[in-house]
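Colleague: Curious how this folds, go ahead:
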Amino acid sequence: MGPLIPQEIIGQDWNLFIAFIVGIGFGFILEQAGFSSSRKLAGVFYGYDTVVLKVFFGAAVTAMLGLLFFSLFGWIDLSLVYVNPTFLGSAIVGGIVMGIGFIAGGFCPGVSFSAIAIGKIDAMVFLGGIFIGIFMFAEAYPLLESFYMSGNLGALKLSDVLGISGGFLAFLVIIAALGMFWLGDLAEKKFPREEY
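Modeller: Model (predicted):
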């Protein structure tokens with residue numbers, strides 16, 4: 001039964017190796033899907049290309065259903081799965097900064113590495129901006145720490161916040177995903193763009 005490391009099924013060294021292999025595979029798939037194009041990524045915000053929204057929403061639904069069924073079959077103990085604690089204020093500000101960076105730069109951090117791997121200069125510049133931002137944040141952290149750590153709500157799960165079961169939440173997320181897919185199709189028809 002998983003998770004694999006807390007149950008001591010695999011060791012930390014194997015975990016890092018598996019993560020490396022999965023990361024390479026994930027980057028290859030991102031690049032093959034065209035996500036190394038900043039135009040394709042930014043297209044989500046402008047409505048002319050919603051493939052990124054559909055792929056990542058589809059991946060989230062797949063992972064959610066996989067965890068739910070693995071839990072039902074007794075293959076994974078969800079109580080051992082780490083959930084990042086929620087720091088509300090810094091999460092909101094971080095989301096805004098990430099969104100602005102995404103739309104201004106045309107990449108999110110993960111896909112920028114896929115684009116760098118095939119030699120995209122704009123992705124290299126974007127990564128330079130990431131490192132500058134990390135450095136500035138690290139230097140300013142003593143001033144920001146109290147805000148960064150404020151609003152600690154602990155390891156929240158949406159199902160617990162809403163007071164519903166994981167299965168019902170999964171159903172709601174699937175309905176939301178189908179709605180987003182439909183809206184994405186409408187947006188692509190309303191805001192067509194020439195091939196890039």
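Colleague: Would you mind splitting this structure into its domains for me?
Modeller: With domains defined by automatic domain parsing, the chain comprises 1-79+165-196, 84-156.
Colleague: Now do the same for the residue nearest the centre of the chain: its pLDDT.
Modeller: In the chain, the centroid-proximal residue (C-alpha atoms, centre = their mean) is Phe56; its distance is 7.7 Å. Model confidence at Phe56, given as pLDDT, is 85.
Colleague: got it, and Leu153?
Modeller: 91.
Colleague: Which SSE is immediately downstream of the helix or strand harbouring it?
Modeller: Assigned by DSSP states H and E, Leu153 belongs to strand 152-154. The helix or strand immediately downstream of strand 152-154 is helix 158-162, counting by DSSP H and E.
Colleague: what's in contact with that next one?
Modeller: Residues outside helix 158-162 that contact it (C-beta atoms under 8 Å, 6 or more residues apart in numbering): Ser165, Gly166, Phe168, Leu169. Bear in mind the C-beta positions are built from the backbone N, C-alpha and C, glycine included.
Colleague: Is the third one within a helix or a strand, and which one?
Modeller: Which is Phe168. Using DSSP H and E, Phe168 falls in helix 166-190.
Colleague: At which residues are the strands of this protein located?
Modeller: Assigned by DSSP state E, the strands in the chain fall at 86-87, 152-154.
Colleague: For the protein, spot the helix or strand the model is least confident about on average.
Modeller: Within the chain, no helix or strand scores below helix 38-46, which has a mean of 83 by mean pLDDT, DSSP states H and E.
Colleague: Listing request: residues of the protein with sub-threshold pLDDT.
Modeller: 1-2, 194-196 (pLDDT under 70).
Colleague: which helix is the longest one in it?
Modeller: helix 121-148 (DSSP state H).
Colleague: Check which residues of that one are buried.
Modeller: Within helix 121-148, the residues scored as buried using 16 or more other C-beta atoms under 10 Å are Ala123, Phe126, Leu127, Tyr148.
Colleague: distance of the first one from Phe35?
Modeller: Here the criterion is C-beta to C-beta, to the nearest Å. By it, Ala123 lies 11 Å from Phe35.
Colleague: try Leu183
Modeller: Counting by C-beta to C-beta - Leu183 and Phe35 are separated by 20 Å.
Colleague: These two: which has the busier surroundings?
Modeller: Comparing Leu183 with Phe35 by neighbour count (other C-beta atoms under 10 Å), the higher total belongs to Phe35, at 22 against 13.
Colleague: Good, we can wrap up now.
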